[in-house]
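Peer 1: Let me see the structure of the following:
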Amino acid sequence: LASFLSSHGHETEIIEADLAGIDVAGVASRLESFDFVGFSLNYSKQYRTARKIVGELTRRDGAGGRKTARKIVAGGHYATSQADFLLSNFPEMNAVVLGEGEQALLELLGAGFQQPGSVAGLAFRDAAGAVCRTKERVGTGDIDSFPFPLRDLNSSREGFTIISSRGCYGSCAFCSVASFSRQSGFSRRWRTRSPENIVEEIVEFQEKLGVDTVSFVDDVFVGPDERSRRRAEKFCDLLKEQGIGLRFSIACKADAVEPVLFEKLAATGLKSVCVGFESGQDKALACFNKKVGADRNAHALDVLRQLDLDGDHGFILFYPEMDYGDFMVNLEFLYQNGLLDSRLLCSRLVILYGTPYCHRELDGVEVEEDGVTISYVFKDSRLERLHAALRAVHAVLEPAERKVANLTYFLHSLDDREDIRALKSAVASMRRATGERLYRLAGRLYRELEHDQGFPAAEYAAGEAKMIQRETGGGADFTRAAAEGRLDGII
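Peer 2: Residues are numbered from 1 along each chain as shown. Below is the predicted model:
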């Protein structure tokens, strides 16, 4: 967005408040000199933060005697799906961009605020205060035409993120990406950049900063169709032809993972893959509209293991339609496939606005919403107690697990050497030991709650988690210390 506006002569500044650790007062202070402020509201929790920032900014404007009215606009997945709510409950908000925002923002910065009805793909309040929507914008599928991001505004010495496509070919029931693409005016849900354009961007930032680590943050980097696979293969070929050394990570769906292509990607520098498996149960996968079965998920995991491709995968163990016995099916899948950690063990589907789930009739499930969040209570109260107990486990183990996950990612990003392989093996062994303990603990909680409503599940779970932490935490510290010491020379 900043790059697009800058290419048309506008002065821009990006404030990544969460990444930079800037509090509400700090953000408001930096915004005081700006006449136009845009908030990216992709998640509902960002709405409340935006309200606090604007409240502080308004207070400062009053104290400083500001005469010129500041224009405030929002965009993103949550803002697009809840535009009417935002404009009805956020009086300082002037407009909401529906879908992708480059062209609409450019038009707003022209004469758009004087004549908002002339800007396609916009929601705003009319003179009487009623919420109005303009005609839908007709989007362009040529995303090669967009300028590269302003990396001088958002630089990193460790690596960069790149978006090589927009949207997703899937239509998962819990995801708002398909709806967002429709609101953006695109007939194709997934639009991709050309391999040549992607490599051109990589070459540009490598020449400027010498960085060779890239995280592709597309919803999906590659799909299951032949055209998509040829695109990924061409990307690999271009890197090799131009002698570009690269370490990169991607995200994809399980149906896109196949041995030949991923072997080529790994040989080119692919180190980590995030796959949205979501479940090891066909019933749940059908509820999620994943259009794959548990067998396909298991196959994808086998391929990734054979190629030594690590990843922080997506999984939803608890979901609204589940029955009590469904828990054990997914627990067994996580355990058998070496994925079990405390984060996935308490993973619960979040119903987002703009998704099919927010319109779904959930028989026997109590649902409440307030325009910002949607909450639900399982029809079987044992599931609520089981989930609460497993959250208590995660609260204890999460800090150590995050450090081990970061170490694992770091080790996978390095060249394949004997000492690196030994460290990776040590970390993998420790993770398996922790997974074994979690498997036994979760099974015990399930069995106790199945018949005993008085069982103190949360208290018992927290106590057991502390024991796991004591018994495996030392191993984590030892492994990390060994890694830091032995990797000094290699780095």
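
Peer 1: Let me see the ranges of the helices in the stretch 151-300 of the chain.
Peer 2: 177-183, 195-209, 226-241, 259-268, 282-287, 294-306 (DSSP state H, counting those that start in this stretch).

Peer 1: Ok, the stretch 1-150 of the chain next?
Peer 2: Counting by DSSP H, counting those that start in this stretch, the helices of the stretch 1-150 of the chain are 2-6, 17-20, 24-31, 45-64, 77-81, 83-89, 102-107.

Peer 1: Out of those helices, which is closest to Gly159?
Peer 2: helix 17-20 (13.7 Å; C-beta to C-beta). The way it works is simple: take the backbone N, C-alpha and C, and place the C-beta from them, glycine included.

Peer 1: And the average pLDDT for the closest one is what?
Peer 2: Helix 17-20 shows a mean pLDDT of 83.

Peer 1: next one: stretch 230-238
Peer 2: Rounded mean pLDDT across stretch 230-238 is 98.

Peer 1: Sort out which residues of that stretch are buried, please.
Peer 2: 231-233, 235-236, 238 (16 or more other C-beta atoms under 10 Å).

Peer 1: now stretch 274-282, how far from the centre of its chain.
Peer 2: 15 Å (C-alpha atoms, centre = their mean, to the nearest Å).

Peer 1: Apologies, that question was intended for stretch 220-231.
Peer 2: 21 Å.

Peer 1: Help me confirm that His394 comes into contact with Ser347.
Peer 2: No - under the criterion of C-beta atoms under 8 Å, His394 is not in contact with Ser347, lying 9.3 Å apart.

Peer 1: what residues does the longest strand seen in the chain touch?
Peer 2: In the chain, with assignment by DSSP state E, the single longest strand is strand 270-278. Contacting residues not belonging to strand 270-278 are listed as 172, 247-254, 257, 262, 284-285, 288, 290, 297, 300-301, 304, 309-316, 409, 412-413 [C-beta atoms under 8 Å, 6 or more residues apart in numbering].

Peer 1: and if you look at stretch 74-87?
Peer 2: 38-44, 46-47, 50, 90, 93, 95-99, 101, 104-105, 123-125, 131, 133, 176-177, 179-180, 183, 352-354, 371-372.

Peer 1: Endpoint to endpoint, that stretch covers what distance?
Peer 2: 10 Å (C-alpha to C-alpha, to the nearest Å).

Peer 1: before we move on, the earlier item: and of the helices of the stretch 1-150 of the chain, who's closest to Gly243?
Peer 2: helix 2-6 (27.3 Å).

Peer 1: Can you give me the buried ones in that closest one?
Peer 2: By neighbour count on 16+ other C-beta under 10 Å, the buried set for helix 2-6 is 2-5.

Peer 1: What of stretch 402-416?
Peer 2: 404-405, 407-408, 411-414.

Peer 1: nearest to Glu196, of those residues?
Peer 2: Among the buried residues of stretch 402-416, and counting by C-beta to C-beta, the member closest to Glu196 is Ser413, at 25.6 Å.

Peer 1: what's around Leu209, how many residues?
Peer 2: 15 (other C-beta atoms under 10 Å).

Peer 1: Next: the one 3 residues further on.
Peer 2: The tally of other residues near Asp212 (other C-beta under 10 Å) stands at 17.

Peer 1: same thing with Lys264?
Peer 2: 17.
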